[in-house]
Structure formats: structure tokens, C-alpha cells
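S.K.: build me a structure from this.
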Amino acid sequence: MRTSIAPTSHEELWCFDLTGFPSGTGEMSPSAATSWGDLYEEAGEMQWGALLAWVETSCYVADVDGLPCASDFEDRYCSFWDSENDCSAHLAEEMCIWDEVPEHLHSYFDIDAW
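M.R.: I've put the predicted structure just below:
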């Protein structure tokens, strides 16, 4: 004898595997998990870790759903550098500080100490 069980209107589904989500993220509905998945696709695998770090600071911009806003993240994310020295050298170039200093004086500046 075969019986079929009809789904009820009060059935609840929740997602519990939160690997790759910001710490403190609790269980969520499938629709919320889908929104996070869309955010992952928008940010991309290479920048996902940086986006999570941005969220962990609690200084991120949230969209209407309470999720981090990917476009605001992209506006704020500068890049990844292997060292602080590489970062400061990049920042110096971005700020065009060498444009104002004659080349023969560049050796007097310790960019690594900046």
C-alpha cells in the first residue's frame, strides 16, 4: 500500500551549513541563502574573502535586505598586496606624490617607513 504525504502550508526549511559566511551568521531560510548566493556570484570567488572581512568589521553598507551591498564594496575595495610596502608604494603612485618631487630627490624618501 502506497500513501502520499501532502506538504503542509506550515512546513519550514532552513539552511544550517554556513561555511563561507561571515561569523555570527545564523541559520537562514532558503530564500536568504539564495540572496547570499547571488551576492557571492556578484562579488566573485576572488573577492569573496575580502567582502567577508569587510562585513566582519561591522562597517559595511547593507542593502534593503540587510545583506552587504556589492557595489559599495567594489567602490571601497582597493586590492590585495603581498606586503604593506607594496600597498604604500601603490598608494604613493595613486596619490601622484612623485609628480611633485624631482626624481633626484626620490632616494631621500623612505617609502617603506611610510
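S.K.: just give me the residue right at the centre of this structure.
M.R.: Compute the mean C-alpha point of the chain, and by Cα atoms, centre = their mean the closest residue is Leu51, 0.7 Å away.
S.K.: need the three-state assignment for it.
M.R.: Following DSSP: H, G, I helix; E, B strand; the rest coil, we place Leu51 in the helix state.
S.K.: quick check: closest non-adjacent residue to it.
M.R.: Closest residue in space to Leu51, ignoring its immediate chain neighbours: Ala43 at 4.8 Å, by Cβ to Cβ, 6 or more residues apart in numbering. In this view, the C-beta of every residue, glycine as well, is placed from N, C-alpha and C.
S.K.: quick check: pLDDT value at the one you found.
M.R.: Here, the pLDDT recorded for Ala43 equals 92.
S.K.: any idea how many residues pack against Trp36?
M.R.: Neighbours of Trp36 under the rule other Cβ atoms under 10 Å: 19.
S.K.: and the closest residue to Thr25 other than its chain neighbours, what pLDDT?
M.R.: Distances taken as Cβ to Cβ, 6+ apart place Leu18 nearest to Thr25, at 5.3 Å, with adjacent residues excluded. If you check Leu18, the pLDDT there is 73.
S.K.: residues contacting Leu18?
M.R.: Thr25, Gly26, Glu27, Met28 (Cβ atoms under 8 Å, 6 or more residues apart in numbering).
S.K.: right, and the residue nearest to the centre of the chain touches Ser71 too?
M.R.: No - Leu51 is not in contact with Ser71 according to Cβ atoms under 8 Å; the separation is 11.6 Å.
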